[in-house]
Every structure is written in C-alpha cells, then in structure tokens.
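1. The amino acid sequence is not available; the structure is as follows:
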Ligand code: ATP
Ligand code: MG
C-alpha cells in the first residue's frame, strides 16, 4: 500500500484551499483596520518554552505535545499554540523598549497529539492576535471585536460570546481554598484527572470535559465572588465596553484558564451547532506569562481562532464565500504552428497582468472550448495556422458568443482593454 498521511493531519486541496486563502486575506484586511502587524513565528521551539509558558499541569503539556530530541541532543517541540512564542520573541527582541502597545497577528499550523474527530486534528491552523504592553481592559474588548469582525465579514451568524474573569494570583488564592473545601467531600466520585488537579491546580477542574465531573462543577463556588477590587473593576469595564459597542455576551463563571499567569479576562466565542468542538475562537489575558518564561512582567491579551472550525461553521450555515476563480482568457489553437505561437502570446498576456491559460494535453478544438468553459474564461482567443498567416486572431466573448478579429500585433493591448 502506498504511503498515507498520518492520522489527524489534512491536505487542504482546491477548492478548499481557495476558502483558506480567502479567509486569510479577509482576516488580514481586518487586521490592517485595527493596526495589527504580522509576526511570523518558528514552527518549533525549545520544549521548555511551552512547559513554562503553557504550564506543566495543562492537557497540552501533559499529553499533547510533539516533542523530540534533535541531533544536537536538545529537546524540541512542535508548537502547540502561538502565544508563548509571541511572548518569547517580544522579550528576546526587547520590543518592550519601543512605543507600546505592540499589536501582532499570526497565522499558521499548530500541533497537538489529540484524538482526531470532527473539528479536532493533530495539525490544525490558527489565526491569532496578541496585544502586548498594555493592561487597559478596553484592549480586551478590542481583541474580541477583531475576532467578531472576522466572523461577520465571512457571513457567520449566531456566534455567541462567553466571558469571565479569572482574577489575579492574589484574589485566586482564597478562591482556590474555597474550591478545595467544596470538592473535598466529592473527590472520590471525580475522574482521576480531576483528583490530580485537586492537588496541583483545582481551578482546572472546572474545565473538565467528563460528564460526571461537570455535574459537580455546577454548584462549585465561582471566582467572580472572590475578585479583588482591581480585578472586579477591570471586569466591569470589559462588560461596559461590550455594552457600548453592542456585543451581546453571557458571563460564564465556569470559563477558566487555570494557570497562575492567566489573569482577568477570559473569553470564548462559540457556534453551538458544531457539537462538542464548538469554540471558534478563545483567548484571554496573561499578564504573568512574561515572568513565567524568565522575562519581565508584560501585560498581554489575545485569542486564537481555529481555521478548520471556521470552515465547518461556514459549511454548516451554507455560506458561499465570494471566491472568483474565473480566468480572463483561454487561447484555443488549431494546428501545431499556432500551438507554438500561442505559447509566446500566453506569456505576453500573463506578463501584462491577465489571467490566461491554454491546453497542454493535445485536446481537439472542441475539447479546448470545453476547457475554456470549465475555467470560466471570459474570452477565448482562437489562433489557427490560417489566422497566423494573416497576422490576426479571432476573439470570442464567451458570454455573448460574439466574435471579431484583432491584429496579433495589437492583441495584448486589445485584451487588456476588454478585460478591464
Ligand atoms: P478545545 O477546548 O476545543 O480543546 P482549547 O481550549 O484547547 O480548545 P485553544 O488552545 O484555546 O483551544 O485554541 C484556540 C482555538 O483553536 C480553539 O477554539 C479551536 O478553534 C482551535 N483548536 C484548538 N485545538 C484544536 C484542534 N486539535 N484541532 C482543530 N482546532 C483546534
Ligand atoms: Mg484542547
């Protein structure tokens, strides 16, 4: 049997790749409106970056990373997400020394060893944004707005925003104790992951996907009752700015990112009809991350959006993206001399900026006409040995069927005019 792609990775073939290109371009247009600039990150990093930057007690670091030793004996990991790398780059290049804030976007593949299923893969693509160097909660809302504008521009509807505040290390220590008191009597009934989380990081229990555990989460104490003054007032500001720009939201006190360096705002945008994998984009504030990876304190907020899930949601809603795959003209040839000349004109026409094609498969005239149709050519240029001798070609408007003759010496200029 011939070699197949590994489980959980996808080939993105045309016409799907056209959708990817379209989404990427649209997202880039929106990033320009908001003044976000692209950061192009490495695909692999030192494993330590993710251990420290995502956290030892997360699913990602505990079981999902593609980690290997390189030939120099270093532990390397294929990036499972982008935020840690963005922060590393920001610190490494001392971007904090420039005028702030720093607003980045990125696009690219991420790698996680997960159980592949609808909307969940081992190599998947994220569009992400990160704003560093500013802790004003207005920026939290700006980040959410960028994400929504991408969904809106694509024509996705019914996406719902859930927000929460996970507080700061100070207000969280009291909350953690309250959680432990609550869970202690139920501990035996919870899954083994939760039992481990109970010791190491009880907030992560709220994020458990196990149905039995979820039931116990419903009555658990909520972080919002434990916020310090500063965290509470920032959360109020986030909500009031969301109201100001009329973005509906639901406060979900169970929405957590249970690591010390996640702070304050956490959010998720879901499209409920996608089933279990319903989160289109998710993010939050991570004011402690810079220190965690050995640098200074850098306030930051961002999100990551899953490309595959966007595409699934678009399919689900029957959104047809306005993708233009038409070509301007197709050169149909009759005879071998014409075939050779056509190749020369094809090159000139493309150099002049026209989308042009011809046949390389030795098709009959009829076959070439069919091909011109299939490619949605606006014009067909018919070039026969006979026309060549006269120094002219026939141009057929494929929509109206009208035909006329033009001088070959004039062909490129004439086609440029007609295609405009
Ligand atoms: P989930 O709860 O779905 O596992 P997560 O919390 O692990 O998501 P993040 O790390 O916040 O996800 O990633 C942001 C977004 O990236 C998700 O909302 C989703 O759209 C997408 N994503 C995450 N993991 C995968 C995956 N394995 N395959 C496809 N898309 C993914
Ligand atoms: Mg996950």
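-> Ah, there it is. Because the structure is predicted, anything quoted here is derived from the model rather than measured. Ligands and ions are numbered 1, 2, ... in the order given.
2. Against residue 173, how distant is residue 229?
-> Remark: distance between residue 229 and residue 173 (C-beta to C-beta, to the nearest Å) = 16 Å. For every residue, glycine as well, the C-beta is placed using N, CA and C.
3. And those two? Which one has more around it.
-> More neighbours surround residue 173 than the other of residue 229 and residue 173, with 11 against 8 (other C-beta atoms under 10 Å).
4. Ligand 1 contacts on the chain?
-> The chain has residues 81, 112, 114, 119-121, 124, 126, 277, 279-282, 304, 306, 308-309 near ligand 1, with proximity defined as C-beta under 6 Å from any ligand atom.
5. Among these, which lie within strands?
-> Those of the residues of the chain next to ligand 1 mapping onto strands are 124, 126, 279, 280, 281, 282, 304, 306, per DSSP state E.
6. Just the buried subset of those, written out for PyMOL, thanks.
-> The following PyMOL line selects those of those that are buried, judged by 16 or more other C-beta atoms under 10 Å:
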select buried, resi 124+126+279+280+281+282+304+306
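7. Of the ones in strands among the residues of the chain next to ligand 1, which is the nearest to ligand 1?
-> residue 306 (2.4 Å; C-beta to the nearest ligand atom).
8. what sits against that closest one?
-> 119, 124, 125, 126, 279, 280, 281 (C-beta atoms under 8 Å, 6 or more residues apart in numbering).
9. quick one, what contacts the third one?
-> When contacts are counted by C-beta under 8 Å, 6+ apart, residue 125 touches 20, 107, 108, 109, 110, 306, 307, 308.
10. and the residue nearest to residue 409 when sequence neighbours are not counted, what does it touch?
-> Among residues not flanking residue 409 along the chain, residue 391 sits closest, at 6.8 Å (C-beta to C-beta, 6 or more residues apart in numbering). Counting by C-beta under 8 Å, 6+ apart, residue 391 touches 407, 408, 409.
11. what's the answer for residue 74, then?
-> Counted by C-beta under 8 Å, 6+ apart, residue 74 has contacts residue 46.
12. separation between it and residue 68?
-> 10 Å.
13. repeat for residue 301
-> As judged by C-beta to C-beta, residue 301 and residue 68 stand 32 Å apart.
14. Work out which residue lies at the spatial centre of this structure.
-> residue 127 (2.5 Å; C-alpha atoms, centre = their mean).
15. isn't that residue right next to residue 107, touching?
-> Yes - assessed by C-beta atoms under 8 Å, residue 127 is found in contact with residue 107 at 5.2 Å.
16. which residues are in contact with both of these two?
-> Both residue 127 and residue 107 are contacted by 24, 27, under the criterion C-beta under 8 Å, 6+ apart.
17. on that earlier part again, now do the contacts for the residue nearest to the centre of the chain.
-> Contacts of residue 127 by C-beta under 8 Å, 6+ apart are 23, 24, 27, 105, 106, 107, 150, 304, 305, 307.
18. out of those, which are inside strands?
-> 105, 106, 107, 304, 305.
19. Now do the same contact list for the third one.
-> By C-beta under 8 Å, 6+ apart, the contact list for residue 107 reads 24, 27, 38, 125, 126, 127, 128.
20. Would you mind measuring from it to residue 244?
-> Residue 107 is 29 Å from residue 244, by C-beta to C-beta.
21. wait, residue 332 sits on residue 382?
-> Yes - assessed by C-beta under 8 Å, residue 332 is found in contact with residue 382 at 4.9 Å.
22. Show me which of the two is the more surrounded one.
-> residue 332 (26 against 23).
23. So, low pLDDT: which residues of the stretch 201-350 of the chain?
-> Counting by pLDDT under 70, the stretch 201-350 of the chain contains low-confidence ranges at 258.
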